[in-house]
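> Got a sequence here, can you build the structure:
(chains A, B, C and D)
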Number of protein chains: 2
Amino acid sequence: MKISELSRRSETPVGRIKYYLREGLLPPGRSMGVTIAEYGDEHVRRLRLIRALTARGGLSIAAARDVLAAVDHPEEARPTLGVLHHALPIPAESGDPDADPEQVQQVKALLEALEWEISDDSPHPRALAASLRELKRLGVPYGNEDLVPYARLAASVARLDLEKLDGIDAPEQLAERAAVVILLLEPVLALLRRLAQEAELRQRRTQARPN
Amino acid sequence: MKISELSRRSETPVGRIKYYLREGLLPPGRSMGVTIAEYGDEHVRRLRLIRALTARGGLSIAAARDVLAAVDHPEEARPTLGVLHHALPIPAESGDPDADPEQVQQVKALLEALEWEISDDSPHPRALAASLRELKRLGVPYGNEDLVPYARLAASVARLDLEKLDGIDAPEQLAERAAVVILLLEPVLALLRRLAQEAELRQRRTQARPN
DNA sequence: CAAGAGTAGAAAGTAACACTTTCCAAGTTG
DNA sequence: CAACTTGGAAAGTGTTACTTTCTACTCTTG
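Take a look at the predicted model:
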C-alpha cells in the first residue's frame, strides 16, 4: 500500500501522515526505493490509535508519542500499566509544582486508610494533593471523610476496568488496549457522571414536590 | 484596592488581569476617574475561580466565560445545574459531529434501562455515543451490559456530588460551587481511578503468586 | 508645583502547538 | 516522453492565551 492509499483508507490527509512520521508517532513503511515505501494494515490501525489518543483523548503529540512508545515496548522493567500510568499525562496537572505539605499528608493518610499501596515514584498522589489544595482555596474543601466514599467507588470502577482487560492474552495487544481503556473511558465516565447528576436531580425534584 | 494591589493579592500579573477584563471574565472595578478604578475582595475571589476553571479545569477562555456567565445569572429559565451542564464543555468532544445511529440507539437504550430521564437538548448522550463509537472502532467495544455497572457507580458518585451541594443555602454561591464541584472533581475522580487501578493490580499480583 | 510613579485602555507582539503548504529531485505510469 | 506520484525537508498558517509596548492621563511626594 502506498501513502496515497493509506491516506484514503485511514481518512487522513497525506500531509498529516507525513507529519506523524516525522514526529515518530507512526513507524515508517518498508522503503522500496528512494521515493516509495510500502505501508500495511498495521499503519491504518496505528493511525486510528493516534487519532483516538489525540483528538478524542486530548493528548498532545508529545504525550501521544510517549504513550505509543510505552505501548510498543511493554516489557521494559515495569509492568504495562505502570509504564502507561507514567506516560499518560495527568488530568489537569499544569503549572504549580508546589507540594503543599498539608494536602500531601492528607493524601498519604487517605491511601493508608484505603490500604492502597502506591509506588513512590507515582505522580498521581502529588497531582491529587494539588487538586485538593485548589478545591480548598476555592472554599470547597474535601476531607478524607468525603474522599473515602469516592475512592471506594473508584476501586469498583478500577475492578471493572481490569476485568475488561483480563480477557486478553496477547501481550502486545494488552498494552494498546490498556491505553485505550484507561484514556478513552475517562470521558465516558465523566459523561455518565453528568448524566447521572441530571437524572438524580430530576428525581429529587419530583420527590420533593410530589405533583 | 487598586489594580496593583489586586495583582499582588491574587498573584496574577497586571497584564493578565487586564486581559481577563477585556475578555469579560472579570467584571470591571468601580471607575473612580479616567485612570483609576477600585476593586474589591470579590475580584480576588473571581480571579481564583478563573484560574481554577482554566489552569486546573482545562477550560478555554471562551468556555470559562460561558460558565461564569451561567454562574452569574443562575435563574435564567433553567435550573442551575442545567445551565452549567450546557456551559461546561464536554469532555473529549472535538470534531466529528457524525451521529452514528447505532451508538445513538445504544445510548438511548442505556438511559431507558437505567430509568434516567435526560432532557432532549442535553449534549451528553450524543457525546457518549461518539466516544462509544471510537472505542468500538479501536476494537474495544462496550455494550450496555458493560456500561450499566459503570453507570450505577456513576449514579453513586452523582449522589455524593449532590450531597456536598445540599448544605448550601445562598443561591448565588450554589452556582459557583456547583461549577467547581462538577469540573474540578473530574480530575480528582480520574486520579482516584488510576490510583485504584494500581492498588488493585498490585493486590491481584500478590494474590495470584503468593510469595 | 514639578518629577516620578501608577493607571486605563488599546494595539501590537509572542511562544507553543498541530498541522498544511510549498518545493524539490527522483521514480513510475500511460 | 509527458504527466503524475512519492519521500523528504522547509517554510507557512491559524489559534490560543497571554505579554509587551504605547499613549495619555492622574495622583502622590518632596
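
> what element comes up after the lowest-mean-pLDDT helix or strand in chain A heading to the C-terminus?
Ranked by mean pLDDT, DSSP states H and E, the helix or strand of chain A with the weakest confidence is helix A:80-87, at a mean of 79. Remark: after helix A:80-87, the chain's next helix or strand is helix A:101-114, criterion DSSP states H and E.

> which element follows that following helix toward the C-terminus?
Note on helix A:101-114: by DSSP H and E, the next helix or strand toward the C-terminus is helix A:124-137.

> Determine the set of other helices and strands touching that following helix.
helix A:101-114, helix B:171-208 (3 or more Cβ pairs under 8 Å, 6 or more residues apart in numbering or on different chains; DSSP states H and E). C-beta coordinates here come from the backbone N, C-alpha and C atoms, glycine included.

> Excluding its own residues, what touches the shortest one? List them.
Right, helix A:101-114. With Cβ atoms under 8 Å, 6 or more residues apart in numbering or on different chains as the test, helix A:101-114 has contacts from A:117-118, A:125-126, A:128-130, A:132-133, A:136, A:143-144, A:147-148, A:151-152, A:155, B:195, B:199.

> Stretch A:19-35 now?
Stretch A:19-35 is contacted by residues A:3, A:6, A:17, A:37-40, A:43, A:46-47, A:50, A:61, A:64-65, A:68 when judged by Cβ under 8 Å, 6+ apart.

> Generate a PyMOL selection restricted to the buried subset of the contacts of helix A:101-114.
Applying 16 or more other Cβ atoms under 10 Å in any protein chain shown to the contacts of helix A:101-114, the buried members can be selected in PyMOL as follows:
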select buried, (chain A and resi 118+125+126+128+129+130+132+133+136+144+147+151+155) or (chain B and resi 195+199)
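
> Go back to the contacts of helix A:101-114 and keep what's next to DNA strand C.
The subset of these within reach of DNA strand C, counting by Cβ under 7 Å from any atom of the strand, is empty.

> Mind checking which residue lies nearest the centre of chain A?
In chain A, the C-alpha nearest the mean C-alpha coordinate belongs to residue A:183, at 2.7 Å (Cα atoms, centre = their mean).

> The closest residue to that one other than its chain neighbours: how many residues sit nearby?
Once flanking residues are discounted, residue A:183 sits nearest to residue A:57: 4.4 Å by Cβ to Cβ, 6 or more residues apart in numbering or on different chains. Neighbour count of residue A:57, defined by other Cβ atoms under 10 Å in any protein chain shown: 25.

> Same question for residue A:85.
Counted with other Cβ under 10 Å, residues neighbouring residue A:85 total 24.

> residues in contact with it?
Residues near residue A:85 by Cβ under 8 Å, 6+ apart: A:122, A:124, A:182, B:194, B:197-198.

> need the next SSE after the helix or strand containing residue A:4, C-terminal direction.
When elements are assigned from DSSP H and E, residue A:4 belongs to helix A:3-10. Going down the chain from helix A:3-10, the next helix or strand is helix A:14-22, by DSSP H and E.

> So which residues make contact with stretch A:188-205?
Here stretch A:188-205 has contacts from A:157, B:79, B:81-82, B:85, B:88, B:90-91, B:111, B:114-119, B:122, B:124-125, B:127-128, B:131-132, B:135, B:142, B:147, B:150-151, B:154-155, B:157-159, B:161-162, B:182, B:186, B:189-190, B:193, using Cβ under 8 Å, 6+ apart.

> near DNA strand D, from those residues?
Among the contacts of stretch A:188-205, none lies close to DNA strand D by the criterion of Cβ under 7 Å from any atom of the strand.

> Let me know how buried residue A:35 is, in neighbour terms.
6.

> Got the phi and psi for it?
With angles defined as degrees, to the nearest 10, residue A:35 sits at phi -120, psi 30.

> and stretch A:167-182, does that touch chain B?
Yes - judged by Cβ under 8 Å from any Cβ of the partner chain, stretch A:167-182 and chain B are in contact via A:177, A:180-182.
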